[in-house]
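with the sequence up front, the predicted model follows.
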Protein chains: 2
Amino acid sequence: MLLKNGLILYGESYEWVRADLLIEGNKIVKIGRNLHADSDIVIDCSHSLIVPGFINSHTHSPMVLLRGLAEDVPLMEWLEKYIWPNERKLGKKEVYWGALLGLIEMARAGTTTFIDMYFHMEEVAKATLEVGLRGFLGYGMIDLDDERKRRIEIRETEKFRKFIIQQNSELLNFILAPHAPYTCSMECLKWVATKSREWNALVTIHLSETKSEVALIKEKYGKTPTEVLDDAGLLNEKLIAAHGIWLDDKEIYLLGKNGSTIVHCPASNMKLGSGIINLRKLLDNGVNVGLGTDGAASNNTLDMLQEMRLASLLQKVVNLDPSIIKSSEIFRMATLNGAKALKLNAGIIKEGYLADIAVINLKRPNLLPMNNPLSSLVFSAKGGDVETLIVNGSIVMLDGEFQTVDEDKVLDKFLGVL
Amino acid sequence: MLLKNGLILYGESYEWVRADLLIEGNKIVKIGRNLHADSDIVIDCSHSLIVPGFINSHTHSPMVLLRGLAEDVPLMEWLEKYIWPNERKLGKKEVYWGALLGLIEMARAGTTTFIDMYFHMEEVAKATLEVGLRGFLGYGMIDLDDERKRRIEIRETEKFRKFIIQQNSELLNFILAPHAPYTCSMECLKWVATKSREWNALVTIHLSETKSEVALIKEKYGKTPTEVLDDAGLLNEKLIAAHGIWLDDKEIYLLGKNGSTIVHCPASNMKLGSGIINLRKLLDNGVNVGLGTDGAASNNTLDMLQEMRLASLLQKVVNLDPSIIKSSEIFRMATLNGAKALKLNAGIIKEGYLADIAVINLKRPNLLPMNNPLSSLVFSAKGGDVETLIVNGSIVMLDGEFQTVDEDKVLDKFLGVL
């Protein structure tokens, strides 16, 4: 496959190069002027930016089903009164259709890879194959210190891992997903740590999202949530922890030292009034920070382009300092830092890297004139500006048309309910 | 014109009604089930929301030309080092094309009416007629206490007012536009107040955007900026002041008592690190608060849908209280409050009101399922989800295609520069 004459965001230094890009198999093999390859597919990119696809490092894709369901209430009330009761009603079929819709929304905003924690995850896996994105999928474990519940969660996790192995797809990856230190027992967390080593599996978890959950943990353990994860044996480079809002200096130091990842979810943190991450301090302490949309019930989109904008704007205004964070840092969070967390050879456009690519059409009133392409991506682009999406060397969307899933069928399914 | 079978956001109480909507001339004349009118144009809205068009109460549309030009620098440096030097290079032709591009972007995100303050405003007026939006246009006066400059600014303002009167269009409205208390002399502000009475003209101005400009004013006058406007005779129901971030309690009280309008511009305030408005206090003190995008150089879009989302999210997180502001309040800021500021019989969908209408297509992955239409509008919708736009009873955009301006020509003009 040959992408002709695009403006390419090249390598780790983010140099803009006008060139052709050749894909063979699932890899970017060559970038240069006037490449003449015997390609089956040639895509004209002369009015487009070619950038690495986004890595949505924290989401619950089927939660699009609950989009807009509960508004203007705090996290705990939101979870206990609205989200959890409604989630109990969701069967396999609902989760499947929800995941399809969520993945379509993600693809339209340039996401090629995502980390998902939910239940009925076999259905999310099916949707992932159908849309053609790269998923890191985990069954969300919640045992609430109940041994019987814990056995069920462990069984579900083992069962789901087997399912993923059986699928034998490059797009499907298993991830361990204990929900949070305040919803999982120490025994559960330790089991996860053991299996993470045994299976060489990544671990995703919620960490320090609200002030009140941190107080809860301190009361129970006399320690911070990060120290609890350390005790459980989870504080290492396999840990991908979402939110990280109320971390103290020692926790930030520990996360940085151990090579762990924090996934910033600005829209969700703002919507639920959870708090504001200290992004500068995290980055300055060497913590790998990714970016995530969280679920659509608290966002209410799955749009990584808008998420980048929010992440930047929030830091600037809270610090009363527009120079506190650079667009390149934000863009890296949404791409390369996610790839680092996932040990994925992706996140930049360079020879030898995975062909996970978003092509963004500049013929849009919100993207012109293009004085600064990186700034356009972070501050002006949005879902819908992506015209072509390539995942693992295969075309998911071409000129705005899905080549994999039947988008019309999915949208009509949800329109029909109106 | 008949809009068939849409989901209509009806009246001031925001009730959702599935009905037909009949437009005659520039007014909404009838709303009801199964209307059988002898209409020239019938638009199927069965998969759409019908809502009042947005009123962008503060922008500088030609500043799309400077989109992304200067990033990550504070307001004063941004103005003095990047924006003003580049603006000096802008001729009539540039302003005309910039305004066209800006208005196209606004229309695509559902804006029907906007307040614009800039220079070469005749060109902005031409673009406004060409795209078919409703503009309140003002020549931005800056005299910097220089009498010679003041005479020029007064002459320009008088000349532009004559031009608008000559155009004799319902879409074009003159507005007085002194730039700010820190860039205009007391004499200039007093002249504006006198002419506002004489011409019965609205006044728009920047007010209390940065901490430093407030300090400047206090040093010069020994008063707050709002008291300075009061002294000049400008503090009344004709005043539309952008930003209002650093207002003290007395200023907020004065603005509320005198029926003035504050235009909140969250994206710009965040991007430039200017500060965070106390929205709850303003609303609770009876201040009429509108919503604006500001110019694209500090936003970097002109998308009122995204602006609503930002306005809500910012208040929730800064107050650590997701219930601090309701979606209906945010939506009202973007519509009815703007209309109130402009003394315009618009901003809601109701019989007798101006037919300034945005039709939003729900067949979008980011808008489904539709558990809550108002929440979808505030938190999930974005530019591009608007399929049809009606201004003053005329179709500007139909099914995503402009019926007025040649969008392709405008976009190609800016693409050509790449």
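Alright, I've got the coordinates.

what's in contact with the helix-or-strand element of chain A with minimal mean pLDDT?
When each helix and strand of chain A is scored by mean pLDDT, DSSP states H and E, helix A:75-77 comes last, with a mean of 78. With C-beta atoms under 8 Å, 6 or more residues apart in numbering or on different chains as the test, helix A:75-77 has contacts from A:209, A:210, A:212, A:272, A:273, A:274. In short, each C-beta sits where N, CA and C put it, glycine included.

out of those, which comes closest to residue B:289?
For residue B:289, the closest of the contacts of helix A:75-77 turns out to be residue A:273, at 20.1 Å, with distances computed as C-beta to C-beta.

residues contacting residue A:359?
Applying C-beta under 8 Å, 6+ apart, the residues near residue A:359 are A:3, A:6, A:43, A:45, A:48, A:49, A:50, A:386, A:387, A:388, A:389, A:390.

looking at this, residue A:253 is in a helix?
Yes: membership of residue A:253 in a helix is supported by DSSP: H, G, I helix; E, B strand; the rest coil.

so it touches residue A:286, yeah?
No: under the criterion of C-beta atoms under 8 Å, residue A:253 makes no contact with residue A:286, lying 9.2 Å away.

did I read that right, residue A:16 in a helix?
No: if the criterion is three-state DSSP, then residue A:16 is strand and not within a helix.

quick check: the gap between it and residue B:69.
For residue A:16, the distance to residue B:69 under the criterion C-beta to C-beta, to the nearest Å works out to 16 Å.

likewise residue A:288?
In this structure, residue A:288 lies at 31 Å from residue B:69, with C-beta to C-beta as the measure.

list phi and psi for residue A:302.
Here the main-chain torsion angles of residue A:302 (degrees, to the nearest 10) amount to phi -120, psi 50.

rewinding a little: chain center to the least confident helix or strand of chain A, what's the gap?
Here the centre of helix A:75-77 is set off from its chain's centre by 23 Å, with C-alpha atoms, centre = their mean, to the nearest Å.

following that helix, which helix or strand shows up next?
Tracing the chain C-terminally past helix A:75-77 and defining elements by DSSP states H and E, one meets helix A:84-88 next.

which ones are touching the most centrally placed residue in chain A?
Most central residue of chain A, judged by C-alpha distance to the mean C-alpha position with C-alpha atoms, centre = their mean, is residue A:56 at 1.7 Å. Residues in contact with residue A:56 (C-beta under 8 Å, 6+ apart) are A:106, A:111, A:113, A:114, A:115, A:291, A:292, A:293, A:302, A:304, A:338.

by neighbours, which of the contacts of residue A:359 wins?
Of all the contacts of residue A:359, the highest neighbour tally under other C-beta atoms under 10 Å in any protein chain shown goes to residue A:389, namely 30 neighbours.

helices of the stretch 251-400 of chain A, residue ranges please.
Taking DSSP state H, counting those that start in this stretch as the criterion, the stretch 251-400 of chain A contains helices spanning A:266-271, A:279-284, A:304-318, A:327-333, A:336-341, A:373-375.

would JSON lines of these with distance to residue A:20 and mean pLDDT be doable?
As requested, the helices of the stretch 251-400 of chain A are arranged in JSON lines below (distance: least, C-beta to C-beta, whole Å; pLDDT from 0 to 100):
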{"stretch": "helix A:266-271", "distance to residue A:20": "36", "mean pLDDT": "97"}
{"stretch": "helix A:279-284", "distance to residue A:20": "34", "mean pLDDT": "98"}
{"stretch": "helix A:304-318", "distance to residue A:20": "25", "mean pLDDT": "98"}
{"stretch": "helix A:327-333", "distance to residue A:20": "23", "mean pLDDT": "97"}
{"stretch": "helix A:336-341", "distance to residue A:20": "23", "mean pLDDT": "98"}
{"stretch": "helix A:373-375", "distance to residue A:20": "18", "mean pLDDT": "94"}
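
okay, those helices in TSV with mean neighbour count and distance to residue A:119 next?
Compiled in TSV, the helices of the stretch 251-400 of chain A are given as follows (neighbours: other C-beta atoms under 10 Å in any protein chain shown; distance: least, C-beta to C-beta, whole Å):
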stretch	mean neighbour count	distance to residue A:119
helix A:266-271	26	19
helix A:279-284	17	30
helix A:304-318	26	24
helix A:327-333	22	28
helix A:336-341	25	23
helix A:373-375	21	38
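
ok, the nearest residue to residue A:254 once chain neighbours are set aside - contacts?
Closest residue in space to residue A:254, ignoring its immediate chain neighbours: residue A:226 at 5.4 Å, by C-beta to C-beta, 6 or more residues apart in numbering or on different chains. Residue A:226 is in contact with A:207, A:208, A:235, A:247, A:250, A:251, A:254, A:255, counting by C-beta under 8 Å, 6+ apart.

pop the domain breakdown of chain A in here.
A:2-53+A:346-402, A:54-341 (automatic domain parsing).

tell me which of the ones you listed lies nearest to residue B:265.
Taking C-beta to C-beta, domain A:54-341 is the member of the domains of chain A nearest to residue B:265, at 11.6 Å.

who in the stretch 51-200 of chain A is up against chain B?
Within reach of chain B by C-beta under 8 Å from any C-beta of the partner chain, the stretch 51-200 of chain A has these residues: A:64-69, A:71-74, A:78, A:101, A:104-105, A:108.

what number of residues lie near the residue lying closest to residue A:321 once chain neighbours are set aside?
In space, not counting the residues next to it along the chain, residue A:321 is nearest to residue B:273; the distance is 5.1 Å by C-beta to C-beta, 6+ apart. A count of neighbours around residue B:273, defined by other C-beta under 10 Å, yields 23.

repeat for residue A:140
Once other C-beta under 10 Å is used to define contacts, residue A:140 is seen to have 22 neighbours.

distance check, it against chain B.
For residue A:140, the distance to chain B equals 22 Å [C-beta to the nearest C-beta, to the nearest Å].

quick one: secondary structure of that residue?
Applying three-state DSSP to residue A:140 yields a three-state assignment of strand.

pick the one among the contacts of residue A:226 closest to chain B.
Using C-beta to the nearest C-beta, residue A:208 is the member of the contacts of residue A:226 that lies nearest chain B, at 14.5 Å.

which residue is the nearest non-sequential neighbour of the closest one?
residue A:246 (4.6 Å).

contacts only, for the one you found.
A:208, A:209, A:210, A:211, A:214, A:275.

verify the stated contact: the fourth one with residue A:276.
It refers to residue A:211. No: with the criterion set as C-beta under 8 Å, residue A:211 and residue A:276 do not qualify as a contacting pair; they are 11.6 Å apart.
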